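Novice: Could you work out the structure for the sequence below:
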Amino acid sequence: MERIKGNTEVNKRLLNEILDNESININEFGILGGGKNSETYWAKTENNNKCVIKIYPEKDGSHDRRMRHSREENFLEYCKFSIVENTPRILAKDKNRKWIVLSWLKGKKIKEIDDKYINSLIAFLEKLNEKNPTKGNMYRYKAKDNYINTDKTIEENLKRYNIIMKQSQIDKEIRFWIESEIKQKIEMTLNDQYDETDESRLILSPSDVGIQNSLRMEDKFMYFDFEYGGIDDIHKTISDIILQPNHKLNEYQLRIIFDEIRSKKCIGSKISNKVIYKLFNLYQIRWTLIIAKHVNSIEELINYDQRTRDIIVKSNNYLN
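Specialist: Below you'll find the model as predicted:
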């Protein structure tokens, strides 16, 4: 079989090992994607069944690679244990070499968020937490960048801010806007009352949640990519759903999110309106700093900032 070059020589060797693995019997494959988080391929077995191969990166040394692999593997194993059916299944894996083969998910990419997707996503969160994975070490991994307290989140925002200020490849106009607008926001959060999560607020979360990691199959939705997933604060998960740049919510959809989450016994009882508002302000800054490194124009950044500030105001009005 023809071989393919991976993002690194290590990944190239690993891919060849996977292709030669007799328990999988792959006879056709191609590149799906190669981002900063993993190198991904589609493949077909000798029975013409389609699957996905993921090779995890060596970024920042072996620990980062190990944790991305471990989080995703553990998350998917828990989904199988909890009979969560709208995620891929593990077909083969190698813990030491850090690769995994997953079942293929059918469906189409989702272009924009709608009411059906919101209902499905929140039902997915509820199903993940029906067996209370936060109790008794039932689920052992914390989400990457999980919320701990306000001080740590402010510290991480400052770190991201300082990195942007030092990166010459970021447009000067964008850096100037970040310096004039976001620095002041960060300083304002320093005066906020301290908050710290506790066990009563923890859930199992996909973490990198949104339409970018989902597929639509008629009226059903499928979810994938759990390299960041793990135990996290419910308020952080709500923040990510509402502030995700791909989720351009209207006021009606915003109300659906809050009402649906509150109606779910496993997750709805963990919510505090005060904490939601506090974390919205912290993570609106975080998301702005994240997308500042990827947008093509200052207008995109300003539009996101204005849109999410409006969402935060409407959320506060509705919750109060």
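
Novice: Taking the centroid of this structure, which residue is nearest it?
Specialist: Asp208 (0.5 Å; C-alpha atoms, centre = their mean).

Novice: OK, contacts around that residue?
Specialist: By C-beta atoms under 8 Å, 6 or more residues apart in numbering, Asp208 lies in contact with 225-229, 240. C-betas here are computed from N, CA, C, even on glycine.

Novice: May I have the secondary structure class of it?
Specialist: coil (DSSP: H, G, I helix; E, B strand; the rest coil).

Novice: Tell me how far it lies from Glu227.
Specialist: Note on Asp208: its distance to Glu227, by C-beta to C-beta, to the nearest Å, is 7 Å.

Novice: again with Glu299
Specialist: Glu299 sits at a distance of 31 Å from Glu227 (criterion: C-beta to C-beta).

Novice: And Gln244, by the same measure?
Specialist: 16 Å.

Novice: Please apply the same query to Ile290.
Specialist: 16 Å.

Novice: Compare those two and say which is more crowded by neighbours.
Specialist: Glu227 (23 against 13; other C-beta atoms under 10 Å).

Novice: per-residue pLDDT, Glu9?
Specialist: pLDDT, Glu9: 57.

Novice: I misspoke; the intended subject was Ser38.
Specialist: In this model, Ser38 carries a pLDDT of 64.

Novice: again, but for Asp219
Specialist: In this model, Asp219 is scored at 83, pLDDT.

Novice: Could you check which helix or strand contains the nearest residue to it once chain neighbours are set aside?
Specialist: Spatially, and ignoring its direct neighbours in sequence, Asp219 is nearest to Lys116 (6.5 Å; C-beta to C-beta, 6 or more residues apart in numbering). Under the criterion DSSP states H and E, the helix or strand holding Lys116 is helix 115-129.

Novice: Using PDB, write out the CA atom coordinates for that helix.
Specialist: What follows is helix 115-129, C-alpha atoms only, in PDB (Å, rounded to 0.1, in the frame of the first residue of the first chain):
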ATOM      1  CA  ASP A 115     -33.300  25.300  18.000                       C
ATOM      2  CA  LYS A 116     -33.000  21.500  17.200                       C
ATOM      3  CA  TYR A 117     -29.300  21.600  17.700                       C
ATOM      4  CA  ILE A 118     -29.600  23.400  21.000                       C
ATOM      5  CA  ASN A 119     -32.100  20.800  22.300                       C
ATOM      6  CA  SER A 120     -29.900  17.900  21.200                       C
ATOM      7  CA  LEU A 121     -26.700  19.400  22.600                       C
ATOM      8  CA  ILE A 122     -28.300  19.900  26.100                       C
ATOM      9  CA  ALA A 123     -29.800  16.400  26.000                       C
ATOM     10  CA  PHE A 124     -26.300  15.200  25.200                       C
ATOM     11  CA  LEU A 125     -24.900  17.000  28.300                       C
ATOM     12  CA  GLU A 126     -27.700  15.500  30.400                       C
ATOM     13  CA  LYS A 127     -27.000  12.000  29.200                       C
ATOM     14  CA  LEU A 128     -23.300  12.400  29.900                       C
ATOM     15  CA  ASN A 129     -24.100  13.200  33.500                       C
END
